[in-house]
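**Student:** predicted model, plus sequence, below.
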Amino acid sequence: MSDFSLLINATYVFCALLFIMGLKLLSHPSTARKGNILSSLGMLIAILVTLLDHNIISYQLILAGIVLGSAIGVFAAKKVEMTAMPELVSLFNGVGGLASLAVAYAAIVSDNPLTTFELSVSVVALLIGAVTFSGSVIAWAKLSERMVGRPVVFKGQEVANVALVIAILAIGVLLVRQPDVTMWHYAMIALALLMGVMLVLPIGGADMPVVISLLNSYSGLAACAAGFALENNLLIVAGSLVGASGIILTNIMCKAMNRSLVNVLTSGFQAVVTSDMKIEGEIKALSPDDAFYVLEAAQSVLVIPGYGMAVAQAQHAMKELQELIESNGAEVAYAIHPVAGRMPGHMNVLLAEADISYDKLFEMDEINPRIENFDVAIVIGANDVVNPAAREMKGSPIYGMPVINADLAKNVFVLKRGMATGFAGIDNPLFFKPNCRMIFGDAKESLNNLVRQFAS
Amino acid sequence: MTGIYLLFILILSIFVGFEIIRKVPATLHTPLMSGANAISGITLIGALSLAGGENQHIATWLGFCAVMLATVNVVGGYLVTDRMLAMFKKR
């Protein structure tokens, strides 16, 4: 402990406190914004006090890096559309991973001699950082449809993955024993990058909420490992907070799909099991005109949005319809499934963007016990998350998955482009139920149609 | 000994993280993730001494890259989270 290091470390304690308080305030939408400001204040103080470090002798590069990074960050944050939030978050995950990779690599090649322990954790940080980076890039490419969204699987994938893990372990040991051989450095980085790619390739579009959460967690763990390498407490505290957050979200997403993490990571959905149960009934289409008469008479309306709402950008049209239904004297509520959309909370952000009050948004467990009381349930671009086969068809690939029981409402309107199956590739018995009507066409168009009917 | 001491911090903060983040409602999960992105930019403070330190050429430049990347995370993450949270209103 010399010169400023006592001051620096004492300030770090305070910053850690601000991060924790900030996350705590995130427990309610009314205080969340204050929490975010508190957390950013903690970050600012941490950065400023670190600049007092006696090891820092030149500030030009630091300044250049901060100015450049800030410009990119401001640009990205201001420009992004709310529908593109999953892509942005996964890019930010990747950037965080790359930063940790660079820090760890710099620690390995710097002049300061490292102990075996420091060297080992640096290698771990390098590994997690690289996996986070390449995995996030693939996730981003899938989300933004720059590559196929469906799972990419090939023969011998398991064998290849096991070989890859063994190779990484072997190179890791070699790197720690012979840190001066640059070949091991390059091999390690290359293999780790490859592993990130292999991790995300077999994962399909609708499983993206799990992968984004997992990569979010990795970006935290990478910072945490870098903290071990640099013996920096604040890096460890902040990194593990992020790691914990990602793990909790990953767990919630897996539970909401009734699948284990291993199952999500290693395979798409299993092949459809042919079931003896026949779906009875027929699909009945409904014109927006007729739908209007039902909605006009309804006392309570439940809206169940899915990824299709994001694709059609139908949230603003829905808000308009909501206001008209409410001024007609009926109640409107929204039911959000945890895996609706492409990332945790995706639907909530879109509805908030359309200025819909957050106290109208309900979680699946809150809405299911009283779903029979709703006169109309409007399903907008959701499929698997309202599929009653999860409850009643043993042998269905999604049997056992918790779903919103839309079929139990008195009337169900399904807004859908065509009869394509959902991500799981299975028929949805909901569409065949006697109380269900399909409104075919673009969701935004159909909603605007209803709005016009109400207005006139 | 340092390793053990750091492990202590790790385990305690993981538990703190689990306890407080479990209480974040589902409606705020997207801002939680982007806010977590910003916090993971904490790597910046590790990168500072590498970028400004007396090191070999390559370590300094890696430090510079890390400073820039982590700043993108910090600035972009906090700003976009704030933008989202400002939209969550109750009427």
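**Tutor:** Arrived safely. Numbers count the residues shown, from 1 in each chain, chains lettered A, B, ... in the order given.

**Student:** nearest to chain B: which residue in the stretch 51-200 of chain A?
**Tutor:** Distances between the stretch 51-200 of chain A and chain B by C-beta to the nearest C-beta are smallest at A:Gly69, namely 2.7 Å. Every residue, glycine included, has its C-beta placed from N, CA and C.

**Student:** A:Leu408 against A:Asn373, yeah?
**Tutor:** No: A:Leu408 is not in contact with A:Asn373 according to C-beta atoms under 8 Å; the separation is 9.7 Å.

**Student:** so the two - more neighbours on which side?
**Tutor:** A:Leu408 (18 against 13; other C-beta atoms under 10 Å in any protein chain shown).

**Student:** gap between the more buried one and A:Asn263?
**Tutor:** Using C-beta to C-beta, to the nearest Å, A:Leu408 is found at 28 Å from A:Asn263.

**Student:** repeat that for A:Ile426.
**Tutor:** 17 Å.

**Student:** and these two? which has more neighbours close in?
**Tutor:** The neighbour comparison of A:Ile426 against A:Asn263 (other C-beta under 10 Å) goes to A:Ile426, with 21 against 16.

**Student:** what about the more buried one, which SS state?
**Tutor:** Per DSSP: H, G, I helix; E, B strand; the rest coil, the secondary structure class of A:Ile426 is coil.

**Student:** and it, what's its pLDDT?
**Tutor:** At A:Ile426, the model reports a pLDDT of 72.

**Student:** likewise for A:Ala390?
**Tutor:** At A:Ala390, pLDDT is 89.

**Student:** got the contact list for it?
**Tutor:** Contacts for A:Ala390 (C-beta atoms under 8 Å, 6 or more residues apart in numbering or on different chains) come out as A:258, A:396, A:398-403.

**Student:** run the last query once more with 10 Å
**Tutor:** Counting by C-beta atoms under 10 Å, 6 or more residues apart in numbering or on different chains, A:Ala390 touches A:257-258, A:384, A:396-405, A:424, A:426, A:429.

**Student:** just the buried ones among those residues, please.
**Tutor:** When those are checked for burial by 16 or more other C-beta atoms under 10 Å in any protein chain shown, the buried set is A:257, A:384, A:396-399, A:401-405, A:424, A:426, A:429.

**Student:** a markdown table for these, including distance to chain B and secondary structure?
**Tutor:** Formatted as a markdown table, the buried ones among the contacts of A:Ala390 follow (distance: C-beta to the nearest C-beta, whole Å; DSSP: H, G, I helix; E, B strand; the rest coil):
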| residue | distance to chain B | secondary structure |
| --- | --- | --- |
| A:Met257 | 15 | coil |
| A:Asp384 | 18 | helix |
| A:Ser396 | 25 | coil |
| A:Pro397 | 25 | coil |
| A:Ile398 | 20 | coil |
| A:Tyr399 | 24 | coil |
| A:Met401 | 17 | coil |
| A:Pro402 | 13 | coil |
| A:Val403 | 16 | coil |
| A:Ile404 | 13 | coil |
| A:Asn405 | 18 | coil |
| A:Ala424 | 22 | coil |
| A:Ile426 | 26 | coil |
| A:Pro429 | 27 | helix |
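
**Student:** and residue 20, how many residues sit next to it?
**Tutor:** Here I'm looking at chain A. 21.

**Student:** meant chain B, my bad for not saying
**Tutor:** Applying other C-beta under 10 Å, we find 21 residues neighbouring B:Ile20.
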